[in-house]
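**Q** No letters, just coordinates:
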């Protein structure tokens, strides 16, 4: 992934696309919060804190 694409991806997440990314991760079935975080991190160069994902799940 190019540096420009990574910066755009991070900007989109900051603007609310984290909800969409979490839903996309759940497309294959139920997952716990930590599993969602690990899946998102494995598919991107992002480091996602638990405190960011858990509010989306509530």
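**A** All right, it came through fine. Because the structure is predicted, anything quoted here is derived from the model rather than measured.

**Q** now residue 48, what's its secondary structure?
**A** With DSSP: H, G, I helix; E, B strand; the rest coil as the basis, residue 48 sits in coil.

**Q** which residues does residue 38 contact?
**A** Residues in contact with residue 38 (CB atoms under 8 Å, 6 or more residues apart in numbering): none are found. Bear in mind the C-beta positions are built from the backbone N, C-alpha and C, glycine included.

**Q** so it is in which element?
**A** helix 33-42 (DSSP states H and E).

**Q** Now do the buried residues in that helix.
**A** Burial within helix 33-42, assessed by neighbour count using 16 or more other CB atoms under 10 Å, is assigned to 36, 37, 39, 40.

**Q** number of nearby residues for residue 53?
**A** The number of residues packed near residue 53 is 18, by other CB atoms under 10 Å.

**Q** State the helix or strand in which it lies.
**A** Per DSSP H and E: residue 53 is located in helix 50-57.

**Q** Check residue 19 too.
**A** With DSSP H and E as the test, residue 19 turns up in helix 18-26.

**Q** Point out where this protein drops to low pLDDT.
**A** For the chain, the stretches with pLDDT under 70 are 1-4, 6, 13-15.

**Q** swap the cut-off to 90 and go again
**A** 1-25, 28, 40, 43-58 (pLDDT under 90).

**Q** Next, the angle from the helix holding residue 19 to helix 33-42.
**A** 100 degrees (axes from the mean of the first three to the mean of the last three CA atoms, to 10 degrees).

**Q** Tell me how far helix 18-26 lies from the chain's centre.
**A** Relative to its parent chain, helix 18-26 has a centroid offset of 6 Å by CA atoms, centre = their mean, to the nearest Å.
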